[in-house]
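>>> Below are the sequence and a predicted model for it; my questions follow.
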Amino acid sequence: MTLKIRIDDSGAPYEQVRAQISELARTGALPVGYKLPTVRGLAEELGLAANTVAKAYRALETDGVIETRGRNGTFVAAAGDAAEREASVAAQVFAERVRRLGLSQEQALAAVRDALRAAYA
């Protein structure tokens, strides 16, 4: 998945970056846990100054749209209440783990369905 952001002359570039990432996250086009490009990487890709992208990322973090995990990077944050956020983080960890294990999406979903059946039995 690539981040599709377009910058034009309609307004401040940082606001365009902020608004587009926010909308992509709100609609689910950028799923919870999606790793965003680095500030420098996105700035280069868009032909913007790194400070411009950094300002947009700071605003998005303040709004709770993204979260920075230190050296691990910047990710789309979970929306909703604390239980939903915790479940989203757990799901992201699970998804990364099954990908590393080489399981297909179907195998991963089957494992989740079996675990949920057992938990709610």
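Noted; the coordinates are in hand.
>>> And the residue nearest the centre of the chain?
With distances taken as CA atoms, centre = their mean, residue 76 lies nearest the centre of the chain, 2.5 Å away.
>>> Please enumerate the strands of this structure.
35-36, 66-68, 74-76 (DSSP state E).
>>> In this structure, where is pLDDT below threshold?
1, 79-83, 85 (pLDDT under 70).
>>> domains for it, by residue range?
1-77, 79-121 (automatic domain parsing).
>>> quick one: furthest residue from the center of this structure?
The chain, CA atoms, centre = their mean, max distance from centroid: residue 121 (32.8 Å).
>>> Enumerate every residue touching residue 8.
By CB atoms under 8 Å, 6 or more residues apart in numbering, the contact set of residue 8 is residue 16. Any C-beta I mention is one placed from the backbone N, CA and C, and that applies to glycine too.
>>> top helix in this protein by residue count?
helix 82-101 (DSSP state H).
>>> buried sites along that helix?
Neighbour counts using 16 or more other CB atoms under 10 Å place 85, 88-89, 92, 98 of helix 82-101 among the buried residues.
>>> Among these, which one lies nearest to residue 112?
residue 98 (9.3 Å; CB to CB).
>>> Return the distance of that closest one relative to residue 35.
Noted for residue 98: a distance of 17 Å to residue 35, by CB to CB, to the nearest Å.
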